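Asks: output the structure for:
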Amino acid sequence: MSVSSTLGQQINRAAFWSAVITLVTTVVSFFLPLDAPGGYEATVSERVAWLTANSGPFMIGWINQIVSMLALSGIFAGIAWQIAGTHPLRAILAATLVAISVVAFLIPKYIAVWTIPMLAEAIATGSGSAASDMAQGLLPILNVSIPFSLYTSFDYLGFWLYSLFALLVARPLIQFSLSAKIVGITLGVFGIAYNGIVIAILAGAIARTQIEAYLMSPAGLLLIVAVATLFLFKGAVASTD
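Replies: Numbering: from 1, shown residues only. Coordinates of the predicted model:
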């Protein structure tokens, strides 16, 4: 077996298991908290009280999100490899977007695991201290639910990069197998929908309190992509065995 064939088999197998991990971590995420109850409407004091009492589940929830994001990015890297033979430039651009999106996603998710629990603890236990005063200012900026916080800006940047990736690979995928067609059509719909919502938000057509619901609704399509890629990559691995 040639080096390229071996590399292709390894990439396809890694992408297949990335799809499995994506689906498993998505199910797990339904049982883990990612923010204080009330989300957008929760006050700083309510968030501090909740984080202090639930720092463990909160951190586990966001670690699960990191694993899920890396797995989904692994799927996308595998998709870029699928089109590399017929559309090499698109594949390179798509893979580059995925790599940048990993950085954009990893920054806020690491902050959720490392920084936010410490900020809540500093506020709860250090009233009047310099650390507590700094934490009082930083925690609202890193709010995980308010759409214009520094935290969510990085998160939405990651999804926007995903949407650009989707637009790049959608058409080439439609030329291949049935499972590839399903992936391509679904990614195309995701890319168009997400960018349309972003334009509507920038035009002021969507209220701030509704931004999260609107932006996260197309993300559900990525679960369809994960399921379809199980068949896509399983077939790709079988064809190289």
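Asks: mean confidence score for stretch 42-56?
Replies: Stretch 42-56 comes out with an average pLDDT of 90.
Asks: likewise stretch 15-24?
Replies: In the prediction, stretch 15-24 has an average pLDDT of 96.
Asks: mind exporting the C-alpha coordinates of that stretch to PDB?
Replies: Provided in PDB are the C-alpha atoms of stretch 15-24 (Å, rounded to 0.1, in the frame of the first residue of the first chain):
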ATOM      1  CA  ALA A  15     -12.700  11.200  10.900                       C
ATOM      2  CA  PHE A  16     -15.000   8.200  11.400                       C
ATOM      3  CA  TRP A  17     -14.100   8.100  15.100                       C
ATOM      4  CA  SER A  18     -14.400  11.800  15.300                       C
ATOM      5  CA  ALA A  19     -18.000  11.500  14.100                       C
ATOM      6  CA  VAL A  20     -18.700   8.900  16.800                       C
ATOM      7  CA  ILE A  21     -17.100  11.100  19.500                       C
ATOM      8  CA  THR A  22     -19.100  14.100  18.300                       C
ATOM      9  CA  LEU A  23     -22.400  12.300  18.700                       C
ATOM     10  CA  VAL A  24     -21.500  10.900  22.100                       C
END
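Asks: residue nearest the centroid of the protein?
Replies: Central residue of the chain (Cα atoms, centre = their mean): residue 69, 4.7 Å from the mean position.
Asks: mind listing what that residue touches?
Replies: 102, 105, 106, 109, 158 (Cβ atoms under 8 Å, 6 or more residues apart in numbering). For every residue, glycine as well, the C-beta is placed using N, CA and C.
Asks: next SSE downstream of the helix or strand harbouring residue 113?
Replies: Using DSSP states H and E, the element containing residue 113 is helix 88-125. Using DSSP H and E, the next helix or strand after helix 88-125 towards the C-terminus is helix 130-141.
Asks: ok, and what's touching that following helix?
Replies: With Cβ under 8 Å, 6+ apart as the criterion, helix 130-141 contacts 44, 47-48, 115-116, 118-120, 122-123, 125-126, 146, 149-151.
Asks: could you redo the last one with a cut-off of 10 Å?
Replies: Helix 130-141 has contacts (Cβ atoms under 10 Å, 6 or more residues apart in numbering) with 43-44, 47-48, 51, 111, 115-116, 118-127, 129, 146, 149-151.
Asks: are any of those residues buried, and which?
Replies: For the contacts of helix 130-141, a burial check counting by 16 or more other Cβ atoms under 10 Å picks out 47-48, 51, 111, 115-116, 119-124, 146, 149, 151.
Asks: need the worst-confidence member of these.
Replies: For these, the minimum pLDDT belongs to residue 146; the value there is 85.
Asks: helices along this protein, start to end?
Replies: 3-29, 44-53, 55-83, 88-125, 130-141, 150-173, 178-202, 211-216, 221-240 (DSSP state H).
Asks: and the longest one, which residues are buried?
Replies: Just to be clear, that refers to helix 88-125. For helix 88-125, a neighbour-count test (16+ other Cβ under 10 Å) marks 90-91, 93-95, 97-98, 101-102, 104-106, 108-109, 111-113, 115-117, 119-124 as buried.
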